[in-house]
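Asks: Dropping a prediction and its sequence here:
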Amino acid sequence: MNLAGFCRNCLSKWYLAAAKERGLALDYDAAREVVYGMPYEEWKTKYQPKATPEQLQKFEDTTALHAFVSGHIAKP
């Protein structure tokens, strides 16, 4: 997220929005499973360590640059 301005959850939301535009039945959990390659909670347990204070600060510092995801508006 800090490097690219978007994360896998952003990709999942875009994937879900595209599916809905095409009339496909898909929910957010299913979209995340497509993007992560496994159920999100499983991926999170295996691969997502707790963010460091430096990572959290970088996230806050770059919030205005993060990609827009419908329903999630970056701070000004």
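Replies: Good, I have the coordinates.
Asks: So for stretch 24-33, what gets flagged as buried?
Replies: Leu26, Ala31, Arg32, Glu33 (16 or more other C-beta atoms under 10 Å). Yep, even glycine has a C-beta here, placed from its N, CA and C like the rest.
Asks: looking at this, the last one is in a strand?
Replies: No - with the criterion set as DSSP: H, G, I helix; E, B strand; the rest coil, the secondary structure at Glu33 is helix rather than a strand.
Asks: What does the pLDDT read for the residue lying closest to it once chain neighbours are set aside?
Replies: In space, and not counting its chain neighbours, Glu33 is closest to Pro39: 5.6 Å by C-beta to C-beta, 6 or more residues apart in numbering. For Pro39, the pLDDT comes out at 97.
Asks: got a list of what Pro39 touches?
Replies: Neighbour list for Pro39: Asp29, Arg32, Glu33 [criterion: C-beta atoms under 8 Å, 6 or more residues apart in numbering].
Asks: wait, which of the buried residues of stretch 24-33 is closest to Asn9?
Replies: Set against Asn9, the nearest of those by C-beta to C-beta is Arg32 (6.9 Å).
Asks: Can you name the helix or strand that Ala30 falls in?
Replies: Using DSSP states H and E, Ala30 maps to helix 28-36.
Asks: chain center to whichever helix or strand Glu54 is part of: distance?
Replies: If you go by DSSP H and E, Glu54 is part of helix 53-61. In terms of C-alpha atoms, centre = their mean, to the nearest Å, the centre of helix 53-61 is set 16 Å apart from its chain centre.
Asks: Tell me, how many residues neighbour Pro49?
Replies: 7 (other C-beta atoms under 10 Å).
Asks: May I have the phi/psi pair for it?
Replies: Dihedral angles of Pro49 (phi, psi; degrees, to the nearest 10) stand at phi -80, psi 170.
Asks: repeat for Ala51
Replies: Per degrees, to the nearest 10, the backbone of Ala51 is at phi -70, psi 140.
Asks: do you know how far it is from Tyr36?
Replies: From Ala51 across to Tyr36, the span is 18 Å (C-beta to C-beta, to the nearest Å).
Asks: Assess the claim that Ser12 and Ala31 are in contact.
Replies: Yes - Ser12 is within contact range of Ala31, at 4.4 Å (criterion: C-beta atoms under 8 Å).
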